[in-house]
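Student: model the structure of this input:
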Amino acid sequence: MRSVSTQTDDRVRFVTFGCKANQYDTQVLREALLRRGWRETDRESGSSADLVVINTCTVTAEAGRKARQLARRLARENPDVRIAMTGCLAESEPEILRELPGVEWVLGNGEAKRPVHFLRELGHELDPEELGIPAGITEFAGHTRAFLKIQDGCDMACAFCIIPSVRGPSRSRPAEELASEVERLLASGHREIVLCGIHIGHWGRDLGTDLGVLLERLAAVEVEGADGAPIDWRMRLSSIEATEVTGPVLEALAAHPRRIAQHLHMPMQAGDDGVLRAMNRWYDVETYLACCDRIRAVLDRPAFTADVLVGFPGEDEAAFENTLETVRRAQFSRLHVFPFSPRPGTAAAVPSTIGTECAPEDVRERRARLSEVAHELSQAFRRELVGARDTIALEGTVGLSGRYQRVRIPLEHLPARPAALVDVELALDTARAADDDEVRLLGIPARQRTGTCEQAC
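Tutor: Here you go, the predicted model:
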């Protein structure tokens, strides 16, 4: 960790909207300021901060509205507060943000977002290392899991997505730099590292390599704990296109089932070929489902989660029914369902140029129906996991499994010594599900299990 002399005793608050990449960007700036003596205020005491940094998102109109609303509220509560707006909304609508009360800085992405510029604005001296691209973070404040941003930007052109225009083309961070950052994060106490970015499946294309090579390099990272023993840890892919889980990437997942979580978040967006074409996605329904089948043939009961957008222009009832059927065939363990939100500058900004605009009441009704199907699939997936082995990132008596499930370990089966990762066999948690019929999972550490699951439970 770089050493920087304390030059201030001012107070700062950070608020982050949007994706894991944004949360990582906030941490880069957080560490730069805390090294200089800034004190971070409690989230609920923002009015006492001298500076509030709002890292914004512009994926949906609602995300932008919330960021602007927060800036106005902070200025009302404390007229002396200095506000910095950073991130994608600052890139897409800087002039609007500059007119908000209290907003002193509007820092978009790319060069504008580099901490070096903001630190100079605040009157700080800079380390030589900070004159270049930030070399990463040392911890992930307030989180058990740490996010590792492996790339930024996107080279695709989905009709609904504004991100390529506000993040720029795909840019990869070097593998050795990322391996060193994993070592620092493990030394800080994190035991699950989530690889994030804007389009992580494209990592390495600008470096003449591919994501599978990075996964193998990171899987080989070993760090000794305070007791001299190797730290037990795992990584997880945050989001990757189904068409990119192939070749070396799939081989790495299969070769390291404990080190790399067997969970893939693969955005589908729609389950109808006509809507997918209008969205300018590069696959059809059968291609997506074939990807799912190929992955399931190699991995042991992997968890598939996805984003699905409802109400895209041109989506009629027949197209939506196709999406429902595709979701059932894909057998997702969880879905993120969200409504279409036209973003200025995208091909779908004027819905009438893409297809007939969906009525708001239809969008709400379809979102509810799809969410109901998603819930049914989640319940079924948990039942199918009974008897499976998995690894739990433990937090107290509950933890997150490699397959992205919340799992409880009974008090009598907790490890005698604190353990970040615990190998378990999964069973139905009938004691916790009696009241609401929700399927929940119980984990019995494998080394303690004798006899059948029912006997052990």
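Student: helices of the stretch 301-450 of the chain, residue ranges please.
Tutor: Listed in chain order, the helices of the stretch 301-450 of the chain (DSSP state H, counting those that start in this stretch) span 317-330, 360-384, 430-433.
Student: residues in contact with Pro174?
Tutor: Neighbouring residues of Pro174 by CB atoms under 8 Å, 6 or more residues apart in numbering: Leu207. Where C-beta positions appear, they are placed from N, C-alpha and C, glycine not excepted.
Student: and Tyr267, what does it touch?
Tutor: Let me fix one detail, which is that residue 267 is Pro and not Tyr. The neighbourhood of Pro267, defined by CB under 8 Å, 6+ apart, consists of 239, 241, 306-307.
Student: which of these are buried?
Tutor: Burial by neighbour count, judged by 16 or more other CB atoms under 10 Å, picks out 239, 241, 306 from the contacts of Pro267.
Student: deepest-packed of the helices of the stretch 301-450 of the chain, please.
Tutor: Most buried of the helices of the stretch 301-450 of the chain by mean neighbour count (mean count of other CB atoms under 10 Å) is helix 317-330; its value is a mean of 18.
Student: in the stretch 151-300 of the chain, which ranges drop under the pLDDT threshold?
Tutor: Along the stretch 151-300 of the chain, the model assigns pLDDT under 70 to no residue.
Student: also the stretch 301-450 of the chain?
Tutor: Those would be 418, 432-436, 447-450, if you go by pLDDT under 70 across the stretch 301-450 of the chain.
Student: and the closest residue to Thr346 other than its chain neighbours, its phi and psi?
Tutor: Once flanking residues are discounted, Thr346 sits nearest to Ile162: 5.4 Å by CB to CB, 6 or more residues apart in numbering. Dihedral pair for Ile162: phi -90, psi -10, per degrees, to the nearest 10.
Student: correct me, but Ile162 touches Val59?
Tutor: Yes. The criterion here is CB atoms under 8 Å, and Ile162 meets it with Val59 at 7.0 Å.
Student: that older thread, mind putting the buried ones among the contacts of Pro267 into a markdown table with distance to Glu425?
Tutor: Output for the buried ones among the contacts of Pro267, formatted as a markdown table (distance: CB to CB, whole Å):
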| residue | distance to Glu425 |
| --- | --- |
| Ser239 | 29 |
| Glu241 | 32 |
| Ala306 | 27 |
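Student: wait, which of the helices of the stretch 301-450 of the chain is closest to Arg13?
Tutor: helix 360-384 (33.1 Å; CB to CB).
Student: quick one: which of the helices of the stretch 301-450 of the chain is nearest Leu207?
Tutor: Per CB to CB, nearest to Leu207 of the helices of the stretch 301-450 of the chain: helix 317-330, 31.9 Å.
Student: output the closest one as CSV, nothing but the C-alphas.
Tutor: Written as CSV, here are the backbone C-alpha positions of helix 317-330 (Å, rounded to 0.1, in the frame of the first residue of the first chain):
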residue,chain,number,x,y,z
GLU,A,317,-48.0,-11.0,-26.3
ALA,A,318,-46.8,-13.8,-28.5
ALA,A,319,-43.2,-12.7,-28.2
PHE,A,320,-43.6,-12.5,-24.4
GLU,A,321,-45.0,-16.0,-24.3
ASN,A,322,-41.9,-17.1,-26.1
THR,A,323,-39.8,-15.5,-23.5
LEU,A,324,-41.7,-17.3,-20.7
GLU,A,325,-41.1,-20.6,-22.5
THR,A,326,-37.4,-19.9,-23.1
VAL,A,327,-36.9,-19.0,-19.4
ARG,A,328,-38.5,-22.4,-18.5
ARG,A,329,-36.3,-24.3,-20.9
ALA,A,330,-33.1,-22.5,-19.6
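Student: mind checking how far it is from the chain centre?
Tutor: How far helix 317-330 lies from its chain's middle: 25 Å, per CA atoms, centre = their mean, to the nearest Å.
Student: re earlier: want to try a markdown table for the contacts of Pro267, with distance to Phe381 as columns?
Tutor: Formatted as a markdown table, those follow (distance: CB to CB, whole Å):
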| residue | distance to Phe381 |
| --- | --- |
| Ser239 | 19 |
| Glu241 | 21 |
| Ala306 | 13 |
| Asp307 | 17 |
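Student: and the gap between Gly123 and Arg36?
Tutor: Using CB to CB, to the nearest Å, we find Gly123 at a distance of 10 Å from Arg36.
Student: list the buried ones in stretch 384-404?
Tutor: In stretch 384-404, counting by 16+ other CB under 10 Å, buried: 385, 388-394, 399-404.
Student: what about those residues, which are in strands?
Tutor: 389-394, 399-401 (DSSP state E).
Student: closest to Leu215 among these?
Tutor: Nearest to Leu215 among those, with distances taken as CB to CB, is Thr391, at 16.9 Å.
Student: and the strands in the stretch 151-300 of the chain?
Tutor: For the stretch 151-300 of the chain, the strands defined by DSSP state E, counting those that start in this stretch occupy 151-152, 171-172, 192-196, 234-237, 263-265.
Student: who does the last one touch, helix- and strand-wise?
Tutor: This means strand 263-265. strand 234-237, strand 303-310 (3 or more CB pairs under 8 Å, 6 or more residues apart in numbering; DSSP states H and E).
Student: mind putting the strands of the stretch 151-300 of the chain into a markdown table with distance to Val249?
Tutor: A markdown table is the format used below for the strands of the stretch 151-300 of the chain (distance: least, CB to CB, whole Å):
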| stretch | distance to Val249 |
| --- | --- |
| strand 151-152 | 14 |
| strand 171-172 | 14 |
| strand 192-196 | 11 |
| strand 234-237 | 9 |
| strand 263-265 | 10 |
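Student: quick one: closest of those to Leu276.
Tutor: strand 263-265 (18.1 Å).
Student: direction included, what does the closest one pair against?
Tutor: strand 303-310 (parallel) (DSSP bridges).
Student: chain center to the strand it pairs with, what's the gap?
Tutor: Using CA atoms, centre = their mean, the offset of strand 303-310 from its chain centre is 13 Å.
Student: what does stretch 177-195 give?
Tutor: With CA atoms, centre = their mean as the basis, the mean position of stretch 177-195 lies at 16 Å from the chain mean.
Student: now do stretch 197-209
Tutor: Using CA atoms, centre = their mean, the offset of stretch 197-209 from its chain centre is 17 Å.
Student: what comes up buried for it?
Tutor: 197-205, 209.
Student: again with stretch 55-74
Tutor: Quick answer for stretch 55-74 (16+ other CB under 10 Å): 55-60, 63-64, 66-68, 70-71, 74.
Student: quick one: average confidence on it?
Tutor: The average pLDDT within stretch 55-74 is 94.
Student: ok, residues contacting it?
Tutor: Contacts of stretch 55-74 (CB under 8 Å, 6+ apart): 14-19, 22-23, 25-26, 46-47, 52, 54, 81, 83, 85-93, 96-97, 100-103, 161-163, 166, 338, 341-343.
Student: cool, and stretch 96-111?
Tutor: 68, 71-72, 74-76, 79, 81-91, 94, 113, 117-118, 121, 152, 166-168.
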